[in-house]
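Visitor: using only what follows, build the 3D model:
(2 chains)
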Amino acid sequence: MNTSKDSILTTQYPMNLDSLLRSEIQKAVAALFNQSVEQLQLQPTNAEFEGSHTLVCFPLTKISKLKPEETGTAIGNYLVQHADIVTRFNVVKGFLNLVIADKVWAEVFASIYANKKYGVLPANGKEIMVEYSSPNTNKPLHLGHLRNNFLGYSVAELYKATGYTVHKVQIINDRGIHICKSMAAWKLFGNGETPESSGLKGDKLVGKYYVEFDKNYKAQVKELVEKGVSEADAEKQAPIMKLAVDMLQKWEAKDAETVQRWKTMNGWVYNGFDVTYKRMGVDFEKLYYESDTYLLGKDEVLKGLEKGIFFKKEDGSVWVDLTPDGLDQKVLLRSDGTSVYMTQDIGTAILRFRDFPKIEGQVYTVGNEQEYHFKVLFLILGKLGYEWAKKCYHLSYGMVDLPTGKMKSREGTVVDADDLMQEMVDAARAQTQELGKIDEMSKEEVDDLAEMIGLSALKFFLLKVDPKKRMMFDPKESIQLQGHTGPFIQYTHARIKAILRKAASMNIVADAAALTNVDALEVAEREVLFKINQYPNKLLEAVKEYSPAIVANYAYELAKEYNQFYQAVPIFIESDPAKLRFRIAFSEVTAATLKKAMALLGIRMPERM
RNA sequence: GGUCUCAUAGCUCAACUGGAUAGAGCAGCUGCCUUCUAAGCAGCAGGUUGCUGGUUCGAGUCCAGCUGGGAUCACCA
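Guide: Okay, here's the model as predicted:
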């Protein structure tokens, strides 16, 4: 037992109230039953009972040789007598509900308040790479990319907060038949149109010709089929497709004119993407381009072939046999010796570890339709002898569905990223105006606030759901700014800031330690403190699970608890100056914690709204 | 067809990884603005956790089977 007079808690993370309580319970078990126990089931107490922490006693009955209720009572009594931090307890069925002393809560709070880096772990010297976004360059970004980008960005931020140095990267799929299709359509119908001449965003312009290609291609195929050509042949013979294929071949042969057009059109796309990424608030340390990496990996495969890790078929194609791992055989080099997607990904992975030798692993933020691909990729890298293959993780996320079903570009049901962000910001502005909140704001402030709120609604909506699960995106619902939303949390933050401004104007100084002499906390205060105390654990859990949703839901719960306090306890009518000063400090920490948590989701917090 | 995955309130999602009477938001209904921001708070109503078995002190959670969605199984990316 820690007998220090000054503090029964250590401010040194990760030691905290929970781990202290655990060790006290372990001591109790050891003393009472003469046995040591490592795993304790500690959970938050249900709201209907008194207490904050609950020990589940059923698993302990084996060593206590008592009924669950008796076990709980015995431990409860011991804790009250021997552990300073527990003042009362009650036992309901097999659950031991513990009441933590208010002076302990006060001390927990004071240590959090004093620690400016609360919830941020010190640098651990480790490095990791997070890949996300990775679009094709033939069309604009859409709703699916938004989930990907917000998720990847957030996971990278989570790693940073737990002490990692993070390298954010993406691989841009800038070559291949898809971009040649846009190029072909542009050549035929473009009349030299450029972003400048048309006023269109570059990615939108290139996307327009991709659609144009598809339209003409379909018409040509139909015409051929009507002339009696088989569908399979028609698909190959359609003149516009022949042109696209021809361009692909010319590109691979480095034909100057084709390469030039390819560079120009991709350049348009990149300019467009830059605008979109900027508004999303995401960034990248290094960009990989498929045109640079698509030939990589072949040597690795050939080396693997020599070592007998892979095998060659009669037609000259190279394969890996994964049947011992429960998977199939997979081609790695075509019979003509060219690479496939997998080959290239092997090469890129190795290249990245050469570029960033200190990274311990890579996180690939890619949709769950590629689960099989990554399973195979990591297995192959392992077979090639790369130890880090074990530390590669496919952050697989579910598809975003619309109320009308799946997004399909052919059916024009794709939700464009730029349009959606704009709609959200417009809705936020309209709502802000309607509520009459902008009377004293300049136009710039209003614009910035609308931007903050609109994107918060969107990001929170996409991040609050467990990434692994497929989710439904209902535009009407996402545009909502009340309830379980980002703006609700922002609002809580702005509210607290208003209190802090008022306190400052009244010369009230926050004092976290003021409460030490106070007997009892308000129930609502204890609830908020409990949440604030949880923050580091939630952060760790979120990183472990690769789940920003855990942070998002945590922030929501904390905001909700604070709002309950806000309504239950009017701060400035408090006559006891110690309580008043404590509550200012308490509000400060809540706002700071909300801000930190939301920053991990890429969401900014307004000072007023 | 093989493999993987999902199914919780009318709708969208939670449920601390096997623990108490399964919780929030939206939608519906009822209250609360002369006190720090009502984008809020309090309350009502809403459930056979797809179905059937099993494992155990205890199952939304684990196992088996069934039903119904989705993904994947290319010398595509």
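
Visitor: what about the closest residue to RNA strand B within chain A, neighbour count?
Guide: Nearest to RNA strand B in chain A, going by C-beta to the nearest atom of the strand, is residue A:483, at a distance of 2.2 Å. Using the backbone N, CA and C atoms, a C-beta is placed for each residue, glycine as well. By the measure other C-beta atoms under 10 Å, the count of residues near residue A:483 is 9.

Visitor: need the pLDDT of it.
Guide: pLDDT, the model's per-residue confidence, is 96 for residue A:483.

Visitor: equivalent analysis for residue A:103, please.
Guide: pLDDT for residue A:103: 85.

Visitor: give me the neighbour count for it.
Guide: Burial of residue A:103 is recorded as 18 neighbouring residues (other C-beta under 10 Å).

Visitor: what helix or strand is it on?
Guide: Mapping residue A:103 onto the secondary structure by DSSP states H and E places it in helix A:102-114.

Visitor: and that helix, how far out from the chain middle?
Guide: Relative to its chain's centre, helix A:102-114 lies at 30 Å (C-alpha atoms, centre = their mean, to the nearest Å).

Visitor: ok, then the element right after that helix?
Guide: Toward the C-terminal end, the helix or strand that comes next after helix A:102-114 (DSSP H and E) is strand A:127-131.

Visitor: any part of the following helix or strand past that following strand near RNA strand B?
Guide: Later in the chain than strand A:127-131, the nearest helix or strand by DSSP H and E is helix A:143-161. No: using C-beta under 7 Å from any atom of the strand, we find that helix A:143-161 stays clear of RNA strand B, coming within 11.1 Å at best.

Visitor: helix A:143-161 vs strand A:127-131, what angle?
Guide: With axes from the mean of the first three to the mean of the last three C-alpha atoms, to 10 degrees applied, the angle from helix A:143-161 to strand A:127-131 works out at 170 degrees.

Visitor: just after helix A:143-161, pick out the following helix or strand.
Guide: In N-to-C order, the element after helix A:143-161 by DSSP H and E is strand A:165-172.

Visitor: so for residue A:5, what's the pLDDT?
Guide: pLDDT, the model's per-residue confidence, is 33 for residue A:5.

Visitor: go on, the one 5 residues further on?
Guide: At residue A:10, the model reports a pLDDT of 42.

Visitor: list the residues that contact residue A:135.
Guide: Shown in contact with residue A:135 (C-beta atoms under 8 Å, 6 or more residues apart in numbering): A:141, A:145, A:170, A:172-173, A:273.

Visitor: I'd like the distance between the closest residue to residue A:383 other than its chain neighbours and residue A:385.
Guide: In space, residue A:383 comes closest to residue A:309 once its chain neighbours are excluded; the distance is 5.1 Å by C-beta to C-beta, 6 or more residues apart in numbering. When C-beta to C-beta, to the nearest Å is the yardstick, residue A:309 and residue A:385 sit 9 Å from each other.

Visitor: ok, those two, which is more surrounded?
Guide: The residue with the greater number of neighbours, taking residue A:309 and residue A:385 and applying other C-beta under 10 Å, is residue A:309; the counts read 15 against 11.

Visitor: quick check: residues of the stretch 51-200 of chain A near RNA strand B?
Guide: When proximity is defined as C-beta under 7 Å from any atom of the strand, the stretch 51-200 of chain A approaches RNA strand B at A:54, A:56, A:58-59, A:92-95, A:97, A:136, A:173, A:176-177.

Visitor: what about the strands in the stretch 501-609 of chain A?
Guide: Under the criterion DSSP state E, counting those that start in this stretch, the stretch 501-609 of chain A contains no strands.

Visitor: interface residues of it facing RNA strand B?
Guide: Counting by C-beta under 7 Å from any atom of the strand, the stretch 501-609 of chain A sits next to RNA strand B at A:502, A:541, A:545, A:549-550, A:553, A:556, A:560, A:563-564, A:566-573, A:608-609.
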